[in-house]
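Engineer: fold the following.
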Amino acid sequence: MSVPPLVIMGVSGCGKTTVGQGLAERVPDSVFIDADDLHPAANVEKMRSGVPLTDVDRAPWLDAVGRAMREASAAGRTPIVACSALKRAYRLRILAEEPDAFFVLLDVDRAELERRMRERKHHYMPASLLDSQLATLERLAPDEPGTTVPIVGPGGEVVETVLARVVDAR
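Structural biologist: Predicted structure coming up:
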């Protein structure tokens, strides 16, 4: 099965990493990339301290995400990236580096997001930043390469739903 370079996106706690890793297990010749691993140390420290990132903070990180995707594609791999990509401008920045990127917004209701974030262990993103993430989120527009997937049910079902949506969109 062939899929484009994927960005599994949404606010913290929506399941980007879980879904991205599940997709990487199903898509041949894919590589999972957690965009959180590409943040500069200063960004991680700000978030750990409960300070929302600014667009200036995010710019070099988004460039690095797009470059990592492009490099994986150039190496013959299908990148599957877990990345918040909350604003259209952020997605455009990623597309500038990897023009074939396809975005999958994981849509989870607020109560479930809060529950998930309270239960997380060892993650630098505190639940207190959920409000700023929800306020920043710009849903995918009809002219953007992507799809929105409402999250209901267990993770395995979500992976199957995402795969079906991506294949149908091509």
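
Engineer: got the contact list for stretch 26-44?
Structural biologist: Contacts to stretch 26-44, defined as Cβ atoms under 8 Å, 6 or more residues apart in numbering, come from residues 1, 3, 17, 20-21, 23-24, 47, 53, 57-58, 60-61, 64-65, 68-69, 72, 76-84, 124, 159, 163. For the C-beta atoms, the positions are set from N, CA and C on the backbone; glycine is no exception.

Engineer: just the buried ones out of these, please.
Structural biologist: For the contacts of stretch 26-44, a neighbour count by 16 or more other Cβ atoms under 10 Å gives the buried set as 3, 20-21, 23-24, 47, 53, 57-58, 61, 64-65, 68-69, 72, 77-84, 159, 163.

Engineer: sorry, back to before: now, the contacts of stretch 26-44 that are in helices?
Structural biologist: If you go by DSSP state H, those have 17, 20-21, 23-24, 47, 57-58, 60-61, 64-65, 68-69, 72, 159, 163 in helices.

Engineer: which residue is the nearest non-sequential neighbour of Arg110?
Structural biologist: Leu134 (7.0 Å; Cβ to Cβ, 6 or more residues apart in numbering).

Engineer: go on, Val65?
Structural biologist: Nearest non-adjacent residue to Val65, counting by Cβ to Cβ, 6+ apart: Ala35, 4.8 Å away.

Engineer: quick one: pLDDT of the one you found?
Structural biologist: You'll see Ala35 listed with a pLDDT of 96.

Engineer: distance of it from Ala68?
Structural biologist: Counting by Cβ to Cβ, to the nearest Å, the gap from Ala35 to Ala68 is 8 Å.

Engineer: identify the contacts common to the two.
Structural biologist: With contacts taken as Cβ under 8 Å, 6+ apart, Ala35 and Ala68 have Val81 as neighbours in common.

Engineer: and the residue nearest to Val65, its phi and psi?
Structural biologist: phi -60, psi -30 (degrees, to the nearest 10).

Engineer: okay, now it: neighbour count?
Structural biologist: The number of residues packed around Ala35, counting by other Cβ atoms under 10 Å, is 25.

Engineer: what do you get for Ser30?
Structural biologist: 19.

Engineer: mind listing what the closest residue to it other than its chain neighbours touches?
Structural biologist: Spatial nearest neighbour of Ser30, chain neighbours left out: Thr78 (4.2 Å); criterion: Cβ to Cβ, 6+ apart. Thr78 is in contact with 2-6, 27-31, 72, counting by Cβ under 8 Å, 6+ apart.
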